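Asker: okay, predicted coordinates and the sequence, questions at the end:
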Amino acid sequence: MSLNRRKFLTAAAAAASASTLPRMAIGADSIKLGSILDTSGIFDAYGTPMDMAMRLAVNELNAAGGLLGKQVEVVAYDTQSDMALYSQYGQKLTRQDRVDVVHGGILSASREAIRQIMRKSRTLYFYNVLYEGGVCDRNIFINGVTPAQQVEALVPYAMGKSGRTVYILAADYNYGQITARWIQKFVADNGGETVGVDFFPLDVSDFGSTIAKIQSVGPDLVIAPLVGGAHLSFFRQWAAAGMKDRIPLASTTMGVGNEHKVLTPEEGDGIMVAYNYSQELDTPANGAFKEKWSAAYGDSSLIHEIAVSNYQGIMTWGEAVRQAGSLDREAVIATLETGLSIDGPAGRVTVDPKTHHAVLDVHIMEIDGQGMRVVETLPQRQPIDTQAVCDLQANPDDNTQYEIQI
Amino acid sequence: MDLYAVVLVEMLYGVASLVLISAGLAVVFGMIKVINLAHGEFMMMGGYATITAVNLGVNVFVAMLVIAPVAVGLIGLVVERLVIRHLYGRLVDTMLATWGLSLFFIGLVTMVFGNTTTGISTPIPGFAIGDYQVNGYNFFIILVSASLLVVMLSVLKGTRSGLIARGTMQRPDMAAALGYNPDRINMATFFCGSALSGLAGAVLAPLVGLVPTSGGAYIAKAFITVIAGGPSLIAGLLSSASLFGAVNQIFTFAISPVVGEVALLVAAVVLLRVLPKGVTGTFFKGRP
């Protein structure tokens, strides 16, 4: 076939008009759920279980008859732990695949890479990861714990078990910096004193001098929001110096990617943490979830905090679509803003209408024999850090990530 | 008083760990002029060899001091035969080839061991200096580094093979004319360099959480130490490691770990500006 100019122009015009067709919601035979996660590369320890949880949740929705009488179809992209791929695949999901909702993003950098793409294309976006708080955007729903939810619970407990002087060791980027400020606030609120704060670049793996410095200050408690493989060395070196039995240790990140299974029991036992989920959570909902996971994937050892967050995020969206009876973005947001709740493996999760963050249970835990033993459950904690700066009811056009001033 | 003792131990440890992570690179770069960008990955594989051996029930010291160096040395031997030997004398090409190798090894280890953090705990308990607890393993690292330097010095200065290696390093054509095969000598040197990298990775493994990309954390420090050290192998290694290790630890202790890392780099920049040929390009000339 020869392609002359006229034929080419006709074809090009047809293609152009097809791509500008409005989204065909009516008549489409399935609902498209976009997922964008790092399932390979250095963050795959976080992303792979999240992907598994996402597929588990979608299979469950479909087994129950789907949503609005249609099956949910997964469109998933692996961003290979490369932040540049997030905007590329984010564009693809919204423009080419025209998905009805996007769940995904792991690091805060990846969330910020796609958040504006979702907002501009009016695609509902769920970010299901524990993070530093402060995002205020009507198009996004976030159901991981924020520092205030964790720290507010963890600090009084840890200080109660140790004493009133606290030394903070944090990762040197926005998560660590912001979390360290929250720790300082709650230490002061509980009548304590922060006697030292040190920040560490993500590739620092030698903590010898720091351990000596901590001893020269002599705090009652060390709180460590440290992130990643290199920082795991701190916990190991702390135990190797024999400090573990002298000064108690708490963390806001230890175990999110199942790091506590890498440390030996001698190194990890006794570290105090606070999260939404633990594999050791002794509830019927968690037991049933672990059984479902094992039936699908063989064993349940990979489940972690943010995999469960991802599962709960998808279930929250599914419930909202069901109640709204529509896939329309405004209708789903309005339904979510009624303060919709679901009961997930980690307990009840409620959407906070003011911030689009989640009200959820926080469990105080101690690491014990490579597991997380639940010590105390604090039901239905509000995301007070983000609530202090963000009100989407009063100001629905807000589109900022606030830095929290304390 | 106890605090000064503790800081001194930490400084010695800082110097010792720099010596350890740079020794393999110093041998390969200093003696056969190959820029081994896969040095960090050789160390990483040393760590994985140790962890695998320990998990199979081998004594941790045997795994660190024997199995890991031999295993990584053998990998180095294969790499030398397949890739490096074609590239002697082509400095930039060795960089490119070994960079490719480093990506290959990261991929391979990820496929075999998965992309998760692994590790073993330190085999030596901590103990007290006065009121302070210190990591007993630091002394082991200081001991290993010191023995390493003594062994390297006595091999290079005191044995016939050391003499041949040094001769080949200076004039390969003359060594060949005297009946020594430079090809064989380069192969043996690369084996030793790889084994030293494996040893370093193995000995440091209990202190860190190991991932397939761990090598990247060492490579910059190793290069800075070797280049600032200058042409003499051992004198250069020891002088630049002492300087950088001390600077890093003093600033880490006095201010913060971030400043400690910055101070190390600033010291390196200033040093190379003042002594462009490295410490031993100006002082201690002619030492091995």
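Answerer: Yes, it's here.
Asker: any low-confidence regions in the chain?
Answerer: Reading this off chain A. Filtered on pLDDT under 70, chain A yields the residue ranges A:1-28, A:42, A:406.
Asker: oops, wrong one, chain B.
Answerer: B:1, B:285-288.
Asker: show me where the stretch 151-288 of chain B has its helices.
Answerer: B:160-170, B:172-177, B:182-204, B:216-229, B:233-254, B:257-274, B:279-282 (DSSP state H, counting those that start in this stretch).
Asker: buried ones in the third one, by neighbour count?
Answerer: For helix B:182-204, burial by neighbour count (16 or more other C-beta atoms under 10 Å in any protein chain shown) applies to B:182, B:185-204. C-beta: built from backbone N, CA, C; applies to glycine.
Asker: show me which residues of the stretch 151-300 of chain A sit near chain B.
Answerer: A:172, A:198-201, A:203-213, A:215-216, A:229-233, A:236-237, A:239-243, A:246, A:259, A:262-264, A:266-267 (C-beta under 8 Å from any C-beta of the partner chain).
Asker: can you do 6 Å?
Answerer: Residues of the stretch 151-300 of chain A found near chain B (C-beta under 6 Å from any C-beta of the partner chain) are A:198, A:200, A:203-205, A:208-209, A:212-213, A:215-216, A:229, A:232-233, A:237, A:240-243, A:262, A:264, A:267.
Asker: quick one: which of these sit in helices?
Answerer: Using DSSP state H, the subset of these located in helices is A:208-209, A:212-213, A:215-216, A:229, A:232-233, A:237, A:240, A:267.
Asker: in a strand, A:Ile342, correct?
Answerer: Yes: when DSSP: H, G, I helix; E, B strand; the rest coil is applied, A:Ile342 is found to be in a strand.
Asker: gap between it and chain B?
Answerer: Using C-beta to the nearest C-beta, to the nearest Å, A:Ile342 is found at 30 Å from chain B.
Asker: and what of A:Ile271?
Answerer: According to C-beta to the nearest C-beta, A:Ile271 and chain B sit 14 Å apart.
Asker: which SSE is the nearest residue in space to that residue that is not next to it in sequence in?
Answerer: Nearest residue to A:Ile271, sequence neighbours excluded (C-beta to C-beta, 6 or more residues apart in numbering or on different chains): A:Ile367, at 4.5 Å. Secondary structure from DSSP states H and E places A:Ile367 in strand A:358-368.
Asker: I'd like the next helix or strand past that strand.
Answerer: Where DSSP H and E defines the elements, the next helix or strand beyond strand A:358-368 is strand A:371-381.
Asker: that next one pairs with which strands, parallel or anti?
Answerer: Applying DSSP bridges, strand A:371-381 is found paired with strand A:358-368 (antiparallel).
Asker: neighbouring contacts of the strand it pairs with?
Answerer: A:143, A:149, A:153, A:157, A:260, A:268-269, A:271-274, A:276, A:278, A:347, A:349-350, A:352, A:372-382 (C-beta atoms under 6 Å, 6 or more residues apart in numbering or on different chains).
Asker: quick check: PyMOL command selecting the buried ones in those residues.
Answerer: The following PyMOL line selects those of the contacts of strand A:358-368 that are buried, judged by 16+ other C-beta under 10 Å:
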select buried, chain A and resi 143+149+153+157+260+268+269+271+272+273+274+276+278+347+349+350+352+372+374+378+381+382
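Asker: who are the contact partners of B:Arg175?
Answerer: Not Arg; residue B:175 is Ala. Per C-beta under 6 Å, 6+ apart, neighbours of B:Ala175: B:167-168, B:182.
Asker: spatially nearest residue to residue 29 (excluding sequence neighbours)?
Answerer: By default, I'm working from chain A. Nearest to A:Asp29 is A:Lys70, by C-beta to C-beta, 6+ apart, at 6.5 Å.
Asker: oops, wrong one, chain B.
Answerer: B:Val226 (5.7 Å).
Asker: show me what contacts the one you found?
Answerer: Going by C-beta under 6 Å, 6+ apart, B:Val226 touches B:22, B:25-26, B:29.
Asker: include neighbour count when you put those residues into JSON lines, please.
Answerer: What follows is the contacts of B:Val226, written out as JSON lines (neighbours: other C-beta atoms under 10 Å in any protein chain shown):
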{"residue": "B:Ser22", "neighbour count": "31"}
{"residue": "B:Leu25", "neighbour count": "30"}
{"residue": "B:Ala26", "neighbour count": "26"}
{"residue": "B:Phe29", "neighbour count": "22"}
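Asker: for these, which one is nearest A:Glu403?
Answerer: Distances from A:Glu403 to the contacts of B:Val226, taken as C-beta to C-beta, are shortest for B:Ser22 (40.8 Å).
Asker: does the closest one touch B:Thr225 like I think?
Answerer: Yes: counting by C-beta atoms under 6 Å, B:Thr225 is a contact partner of B:Ser22 at 4.1 Å.
Asker: what number of residues lie near residue 238?
Answerer: You didn't say which chain, so I picked chain A. When neighbours are counted by other C-beta atoms under 10 Å in any protein chain shown, A:Trp238 registers 26.
Asker: chain B is the one I meant
Answerer: So B:Leu238, with other C-beta under 10 Å, has 22 neighbours.
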